[in-house]
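*Asks:* I need the structure of the sequence given here:
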Amino acid sequence: MEITKADSQKMRRLAQEGKQISKIVAEDFPKLDYWDVYWEVYGSGERSSRGIKRMISNRLRTLIEKKPRSERKAILREIDDLVWHLYENHKQNQQKIGKIRKILGE
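*Replies:* Presented below is the predicted three-dimensional model:
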């Protein structure tokens with residue numbers, strides 16, 4: 001099935017705001033296949049919030065090698081907690097945006 005430019009932009013916007021692809025398919029594009037939406041979103045270079053969180057956490061793990069081991073672990077736990085806080089906050093904001101869109105009829 002061909003995806004219009006407007007639909008493609010909407011998919012990318014929703015993914016950028018943190019909405020999961022499975023929810024984009026179920027709620028916004030039920031006639032499309034999961035993989036059609038997946039390739040449309042990831043073909044544009046968008047990534048999920050959880051994926052970004054994992055990337056940040058993994059990179060921080062490699063940077064912390066400069067400190068003594070006990071300090072590294074404490075710093076890593078603190079950074080990991082902060083990143084999770086950002087992720088959960090973003091997730092809540094995405095839910096709020098979804099409710100607003102529903103009210104506005106988008």
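*Asks:* C-alpha coordinates for the helix or strand harbouring M11, CSV please?
*Replies:* Using DSSP states H and E, M11 sits in helix 5-16. The C-alpha trace of helix 5-16 is given here as CSV (Å, rounded to 0.1, in the frame of the first residue of the first chain):
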residue,chain,number,x,y,z
LYS,A,5,3.7,12.2,2.1
ALA,A,6,1.3,13.7,4.7
ASP,A,7,0.9,10.2,6.3
SER,A,8,4.6,9.7,6.3
GLN,A,9,5.2,13.0,8.0
LYS,A,10,2.6,12.2,10.6
MET,A,11,4.2,8.8,11.3
ARG,A,12,7.6,10.4,11.7
ARG,A,13,6.2,13.2,14.0
LEU,A,14,4.4,10.6,16.2
ALA,A,15,7.6,8.5,16.5
GLN,A,16,9.7,11.6,17.2
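*Asks:* which of the residues in it are buried?
*Replies:* 10-12, 14-15 (16 or more other C-beta atoms under 10 Å). (Each C-beta comes from the backbone N, C-alpha and C, glycine too.)
*Asks:* columns distance to V37 and pLDDT on top of those residues, output as CSV?
*Replies:* Output for the buried residues of helix 5-16, formatted as CSV (distance: C-beta to C-beta, whole Å; pLDDT from 0 to 100):
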residue, distance to V37, pLDDT
K10, 10, 91
M11, 6, 91
R12, 10, 86
L14, 9, 88
A15, 9, 84
